[in-house]
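Trainee: give me a model of this one.
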Amino acid sequence: MEQTGMKAFLKKKNVNITVQTYLIDALGAMAFGLFASLLIGTIFATLGEKSGIALFQVIADYAKSATGAALGVAIAYALKAPQLVLFSAATVGIAGNALGGPVGALVSTIIAAELGKIVSKETRVDILVTPGLTIISGVLVAQFAGPGIAKFMDAFGMMVKTATEMQPFFMGILVSALIGIALTLPISSAAICIALTLDGLAGGAAVAGCCAQMVGFAVLSFRENGVGGLLAQGLGTSMLQMGNIVKNPKIWIAPTLASMITGPVATVIFGMTCIHTASGMGTCGLVGPIGVYTSMGGGSKMWLGILFVCFLLPAVLTWILGEGLRRIGWIKTGDLKLDL
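Mentor: The predicted structure follows:
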């Protein structure tokens with residue numbers, strides 16, 4: 001009876017302790033927070049550096065400095081936090097990001113926001129209790145867990161990057177395929193790459209995998225979705241196909257195989273590198289290619305790498321593989337149709 005009462009109370013407070021809530025909704029929101037601060041700041045910094053326009057650098061500095069606050073608010077918003085909790089989450093995000101990086105901000109904000117939701121409007125001094133508990137709990141979690149989280153994520157990311165440097169062919173396949181799959185799944189490949197600081201050759205492989213999924217699905221589904229679908233997936237996200245993948249997982253074969261080819265092409269042939277803030281974005285808003293340019297700084301090899309790895313190879317390989325799958329009946333007309 002007591003357990004039933006607790007469940008009812010948590011339900012009333014909109015506290016849903018599920019994988020969907022914390023590893024999909026909150027992680028996805030974290031990516032939006034990163035995009036609206038750190039990532040867009042990086043783009044402006046590149047524009048300022050290459051154009052010599054000082055205003056772009058000023059904007060970049062302000063945008064990057066807002067990263068922690070943006071993360072906190074975005075995550076709390078995804079958790080459907082009430083106003084006082086939502087606004088207090090800005091402080092928690094700053095502390096979490098400063099002490100534990102983006103994942104530190106994620107963990108700190110989730111705990112703080114859920115505790116804040118529980119006490120919200122339960123006392124007559126809600127204006128003090130709710131933000132007080134939210135901020136105190138979040139900062140404490142950041143202080144105790146943040147440094148450990150940061151060390152673990154740095155170590156894991158360094159292991160992936162070192163392995164890619166040592167074995168660019170095999171790790172190019174692995175990183176490209178896994179990050180590309182993450183991009184299409186309802187989780188955030190951008191958040192994963194930023195959390196792991198996945199740059200250098202590993203970042204290049206990640207870009208290759210993301211582009212293979214986005215451009216691949218855009219081309220593969222062109223006969224069903226036309227130009228609108230081409231742009232929505234090629235410059236937006238391949239996540240739009242997730243519903244169709246659930247119905248027929250075989251439609252995922254062609255872009256995933258393409259990513260396993262473009263990954264080592266990026267690492268071995270073109271030596272493609274990318275900054276970690278862009279490596280999980282693919283062709284979304286052309287952020288991935290911009291990240292490659294920011295990392296490599298130009299040159300004919302870089303431009304050829306972007307052209308082939310980010311656009312031509314994913315399109316051609318996925319189309320050829322897709323046609324083969326259609327002929328053997330694994331992909332049927334309408335399997336890739338989107339409601340646009």
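
Trainee: buried residues in stretch 115-125?
Mentor: 115-120 (16 or more other CB atoms under 10 Å). No exception for glycine: its C-beta is placed from N, CA and C like everyone else's.

Trainee: how about stretch 83-102?
Mentor: Quick answer for stretch 83-102 (16+ other CB under 10 Å): 84-97, 99-102.

Trainee: after the longest helix anywhere in the chain comes which helix or strand?
Mentor: In the chain, assigned by DSSP state H, the helix with the most residues is helix 126-166. Once the chain leaves helix 126-166, the next helix or strand it forms, by DSSP states H and E, is helix 168-184.

Trainee: nearest residue to residue 131 other than its sequence neighbours?
Mentor: Spatial nearest neighbour of residue 131, chain neighbours left out: residue 88 (4.1 Å); criterion: CB to CB, 6 or more residues apart in numbering.

Trainee: run a quick neighbour tally on residue 339.
Mentor: 6 (other CB atoms under 10 Å).

Trainee: separation between it and residue 238?
Mentor: With distances taken as CB to CB, to the nearest Å, residue 339 is found 16 Å from residue 238.

Trainee: residue ranges with poor pLDDT in this protein?
Mentor: By pLDDT under 70, the weakly predicted segments of the chain are 1-4, 340.

Trainee: does residue 189 really touch residue 177, like I thought?
Mentor: No - using CB atoms under 8 Å, residue 189 is not in contact with residue 177, being 11.8 Å away.

Trainee: can you name the residues in contact with stretch 302-321?
Mentor: The set of residues external to stretch 302-321 that reach it, using CB atoms under 8 Å, 6 or more residues apart in numbering, is 204, 207-208, 211-212, 214-220, 253-255, 257-259, 261-262, 265-266, 269-272, 282-283, 288-289, 292-293, 296.

Trainee: for it, buried residues please.
Mentor: Neighbour-count burial for stretch 302-321 [16+ other CB under 10 Å]: 302, 305-306, 308-310, 313-315, 317-319, 321.

Trainee: with stretch 8-27 instead?
Mentor: Quick answer for stretch 8-27 (16+ other CB under 10 Å): 13, 15, 21-22, 24-27.

Trainee: now do the end-to-end distance for that stretch.
Mentor: With CA to CA, to the nearest Å as the measure, the ends of stretch 8-27 fall 26 Å from one another.

Trainee: what of stretch 264-283?
Mentor: End-to-end distance (CA to CA), stretch 264-283: 18 Å.

Trainee: show me the contacts for the residue positioned nearest the centre of the chain.
Mentor: Closest residue to the average C-alpha location of the chain: residue 190 at 2.3 Å, with CA atoms, centre = their mean. Contact analysis of residue 190 by CB under 8 Å, 6+ apart lists 31, 34-35, 39, 280-281.

Trainee: just these now: which is nearest residue 55?
Mentor: Closest to residue 55 out of those is residue 39 (18.7 Å), distances taken as CB to CB.

Trainee: okay, the buried residues of stretch 8-27 in JSON lines with distance to residue 128 and secondary structure next?
Mentor: JSON lines is the format used below for the buried residues of stretch 8-27 (distance: CB to CB, whole Å; DSSP: H, G, I helix; E, B strand; the rest coil):
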{"residue": "13", "distance to residue 128": "19", "secondary structure": "coil"}
{"residue": "15", "distance to residue 128": "21", "secondary structure": "coil"}
{"residue": "21", "distance to residue 128": "27", "secondary structure": "helix"}
{"residue": "22", "distance to residue 128": "28", "secondary structure": "helix"}
{"residue": "24", "distance to residue 128": "33", "secondary structure": "helix"}
{"residue": "25", "distance to residue 128": "29", "secondary structure": "helix"}
{"residue": "26", "distance to residue 128": "26", "secondary structure": "helix"}
{"residue": "27", "distance to residue 128": "31", "secondary structure": "helix"}
